[in-house]
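J.: sharing a sequence plus its predicted fold:
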Amino acid sequence: MEPASAPADAVSSWRATNTRRMGFSALGCGLLLVSFAADVATGPAMLPIPAVLRSLAGLGSDAMLDAIVRTLRLPIALMAAVVGAALGLSGAVMQTVLNNALASSYTLGISAAAGFGAALAILVGASLPVPEAWAIPAAAFAFAGLACALVAGVGRLRGATPELLVLAGIACLFLFQALLSLLQFLASPEALQQIVFWLFGSLQRSSMAKVGIVALVFAVTLPVVLADAWRLTALRLGDERARALGVRVDTLRLRCFVVVSLLTGAAVAFVGTIGFIGLVAPHIARILVGEDQRHLLPASAVFGALLLSAASVASKLILPGTVFPIGIVTALLGVPFFAWLVLASRGRP
Amino acid sequence: MHPSHPRLSRRTTLAFGLSAALAGRPAWAAGLSVTDALGRSVALKGPAERIVIDFNYEEFTAVAGPSGWDRVVGFNRTQWADNRAAVFRRYLAPIPRLTTLADVGSTEVNTFSMERLLSLRPDLVVLGYWSFVALPEQIKQMEALGIPVMVVDYNAEIPERHVASTLALGIATDNEERARALAALYTGKLADIRQRVADVPVRPKVYVELGQGGADVVGNTYWKGMWGRLLEFAGADNIAAGRLPGAGAWGPLDPEYVLAANPDAVFIAGSSWTGRPQAVLTGFDTDVATTRARLAPYAKRQGWAGLKAVRNGQVFAMEHGLCRALFDFTATQFIAKSIFPDRFADLDPVAELRRYHEQFLPVAFDGTWMTRLTPAGA
């Protein structure tokens, strides 16, 4: 190879890589659209597709059918997409700032904290001034934030090495799991059942207002993390190198924690603890588009949305007429897919 | 008033429009107002023709008859087919429609589907109390779409709610007369029991446990609803009183506390649950030997040999379906007779349950619904 052509080759190969990365993201978006359409088109009522389309277009003349399509199916399909996106993005940010492939809102106790908040609201439910439908998500959100604050606080106390933060997160996980078990122990059987269902995770409680809140949080936080994309990419090289490149690591990490707590809190608050998307979506995205955060962050959101949306469709098709718990479907659908991706990508750089 | 049974199928009646049954009724166009178990006022356009019902199927059948099911478009299949399998099988013969009737799922196991319910286009949704509590937002949606929601509650074991639930089912299905007869029967039988035990000098200590998991599992017991209230009516002293967390309706007791309380009588609630191989089997198609064989391990539980109830042969099985039903007075009679044999010598609870089936239900009565572990006199 002639030395003179090497830089040109590097540029063109970088461009090719970039195009391939964009291609994967575009493919993800395309699949997400298909999955979303399938989500709205399917359901236990087995409505004919043209009737669904008419109702979506606002041309429906049947109140019952409109109610099914617009107040039941549409919020669920949208919720699956925005919650999946929020969990995927928050997982990607988490894995990057903690420099740990196992980090997610699950493994670091944020979901457990949200679960504890929800259980607390269920338990004291009747005595709250707010309707339960809003008190539960509000409490879940507040405790997700509290868990993030605890982890970040530990980091500030002792100088934030990623390992310390991960340990703090795991301590947080066990703390909130223990507290949750305590509440379950104290709860009446009725409340216990409600808590267990909440922990299962379900899209069935969706409404347009709730979709709007999650979408808003996502829309506000995405630009914030994208603006940090270069700095986050630098952070992947390690704290010292990132500092050498002029990144203020501690503030960056704190900012990211706020973003993660907002995203996870909002997502988990309304649908319960839907498993493992925050862990897996970023890995899928990383295998397909690589470490560059400008690509990785949006792709994690896209694949998170796709995973949860596909799981939502599958949950309705497994046993026609009934809706299978989404949390179980997500894991059953996602784990084999993830395993295949990991095995298929072995040996590739 | 016209006799409510037998009647034409609703569709036929409507199609011809001029049947005698219709002609004799007040104008339905004005609509019906039904007061449900919770005292909620439910407005109907007329007797319901497309009902979704969630629980208390035997009460619905007693009030509306087997043909009443022609008005039903959806139900909670789990509650009947899985939780009361033998009862469900028995009702399939007189009500073949049940085989293919749409399932709206169960709030108890989180399978309830609002979409399925709406797609059935009901003109009345009848919910058990627990589903009413579990579905606040869905109920708002139903009401916004003009679908009336009526609550029945036999679980609370509050006699007024039994009566209100029964009358509500009667009015909503145009079987008010029959509903009144049923409510009067229930009220009369209950008053008789309470009067017989009114002046008992000592209330014997009683423990009830759900036998769903078998003797190796500590099952739920009951206080403020279901069996708990029946124990109160029967003149028993419930050892679970004040010992259950939360609302105190149900939950398990500490086995050590049960030993310390040393109950005079123990009742294990059985049923025909599917997939519960250790459960105490009771109900249709179950012979008494089977029930006793499944009940026997309870008497052999750690430390139970010393319980007064076990020493005196006061261990019983009774069908769990009897603790939240209109015919639950027979279970109350059984409990009362078991602890006060002298005061109920003239009364046979099983015969009462048989008579109720003969009079109001379309299925033959057999099997083991209430029995003692050791045969009387043994």
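T.: Nice, thanks for sending it over. All figures in this text were calculated on a predicted structure; none of them were measured in a lab.
J.: could I get the full set of strands for the stretch 101-250 of chain B?
T.: B:102-103, B:124-128, B:149-152, B:205-210, B:220-222, B:237-238, B:250-252 (DSSP state E, counting those that start in this stretch).
J.: ranking those by burial, who's on top?
T.: Ranked by mean neighbour count under mean count of other C-beta atoms under 10 Å in any protein chain shown, the strands of the stretch 101-250 of chain B are led by strand B:124-128, which reaches a mean of 27. The way it works is simple: take the backbone N, C-alpha and C, and place the C-beta from them, glycine included.
J.: which residues touch that one?
T.: Identification of contacts with strand B:124-128 by C-beta atoms under 8 Å, 6 or more residues apart in numbering or on different chains yields B:44, B:48, B:50-56, B:60, B:117, B:135, B:139, B:142, B:147-153, B:155, B:169, B:172.
J.: so which of the residues you listed sit within helices?
T.: With helices defined by DSSP state H, the entries of the contacts of strand B:124-128 inside them are B:60, B:117, B:139, B:142, B:169, B:172.
J.: contacting residues for the residue lying closest to the third one once chain neighbours are set aside?
T.: Sequence neighbours aside, residue B:149 is the residue nearest to residue B:139 in space, at 5.2 Å (criterion: C-beta to C-beta, 6 or more residues apart in numbering or on different chains). Counting by C-beta under 8 Å, 6+ apart, residue B:149 touches B:42, B:125, B:127, B:132, B:139, B:142-143.
J.: of those residues, which is the nearest to residue B:321?
T.: Residue B:321 lies nearest to residue B:127 out of the contacts of residue B:149, by C-beta to C-beta, at 18.5 Å.
J.: residues near residue A:43, how many?
T.: 24 (other C-beta atoms under 10 Å in any protein chain shown).
J.: surely it forms part of a strand?
T.: No - assignment of residue A:43 by DSSP: H, G, I helix; E, B strand; the rest coil gives coil, placing it outside any strand.
J.: where along the stretch 151-300 of chain A do the helices fall?
T.: Taking DSSP state H, counting those that start in this stretch as the test, the helices found in the stretch 151-300 of chain A are A:162-186, A:189-200, A:208-227, A:229-235, A:239-244, A:249-271, A:277-289, A:293-317.
J.: for chain B, which of those is the nearest?
T.: For the helices of the stretch 151-300 of chain A, proximity to chain B was assessed by C-beta to the nearest C-beta; helix A:189-200 is nearest, at 4.9 Å.
J.: the closest residue to chain A within the stretch 1-150 of chain B - how many residues pack around it?
T.: Nearest residue of the stretch 1-150 of chain B to chain A (C-beta to the nearest C-beta) works out as residue B:119 at 3.3 Å. The tally of other residues near residue B:119 (other C-beta under 10 Å) stands at 23.
J.: now swap in residue A:50 and tell me
T.: Counted with other C-beta under 10 Å, residue A:50 comes out at 8.
J.: likewise the one 5 residues further on?
T.: By the measure other C-beta under 10 Å, the count of residues near residue A:55 is 22.
J.: mind checking the SS state of it?
T.: Assignment for residue A:55 (three-state DSSP): helix.
J.: thinking again about what came up before, out of the strands of the stretch 101-250 of chain B, which gets nearest to residue B:291?
T.: Nearest of the strands of the stretch 101-250 of chain B to residue B:291, taken as C-beta to C-beta: strand B:205-210 at 14.9 Å.
J.: chain center to the closest one, what's the gap?
T.: 18 Å (C-alpha atoms, centre = their mean, to the nearest Å).
J.: can I get the CA coordinates of it in PDB?
T.: Taking Å, rounded to 0.1, in the frame of the first residue of the first chain, the C-alpha atoms of strand B:205-210 are listed here in PDB:
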ATOM      1  CA  LYS B 205     -62.900 -21.500  69.200                       C
ATOM      2  CA  VAL B 206     -62.800 -22.200  65.500                       C
ATOM      3  CA  TYR B 207     -60.000 -22.200  62.900                       C
ATOM      4  CA  VAL B 208     -60.800 -22.100  59.200                       C
ATOM      5  CA  GLU B 209     -58.000 -22.700  56.600                       C
ATOM      6  CA  LEU B 210     -58.000 -22.800  52.800                       C
END
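J.: for it, which strands pair with it and how are they oriented?
T.: strand B:237-238 (parallel), strand B:265-270 (parallel) (DSSP bridges).
J.: residues contacting it, please?
T.: B:218-222, B:227-228, B:231, B:234, B:236-240, B:253, B:258, B:261-269, B:298, B:309, B:320, B:335, B:339.
J.: swap in 7 Å and give it another go.
T.: B:219-222, B:227, B:231, B:236-239, B:258, B:261, B:263-269, B:320, B:339 (C-beta atoms under 7 Å, 6 or more residues apart in numbering or on different chains).
J.: buried subset of those residues as a ChimeraX selection?
T.: Burial among the contacts of strand B:205-210 is assessed by 16 or more other C-beta atoms under 10 Å in any protein chain shown; the matching ChimeraX selection reads:
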select /B:219,220,221,222,227,231,236,237,238,239,258,261,263,264,265,266,267,268,269,320,339
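J.: and the nearest residue to residue B:360 once chain neighbours are set aside, what is it in contact with?
T.: Spatial nearest neighbour of residue B:360, chain neighbours left out: residue B:62 (4.2 Å); criterion: C-beta to C-beta, 6+ apart. Contacts for residue B:62 (C-beta under 7 Å, 6+ apart) come out as B:182, B:326, B:360-361.
J.: which SSE is residue B:62 in?
T.: helix B:57-64 (DSSP states H and E).
J.: given the helix or strand that comes right after that helix, what are its sheet partners and their directions?
T.: Once the chain leaves helix B:57-64, the next helix or strand it forms, by DSSP H and E, is strand B:72-75. Strand B:72-75 has its sheet partners listed here by DSSP bridges as strand B:51-53 (parallel), strand B:102-103 (parallel).
J.: quick one: the following helix or strand past strand B:72-75 to chain centroid distance?
T.: Remark: after strand B:72-75, the chain's next helix or strand is helix B:77, criterion DSSP H and E. Mean-position distance between helix B:77 and its chain equals 15 Å (C-alpha atoms, centre = their mean).
J.: no further queries at this time; thank you.
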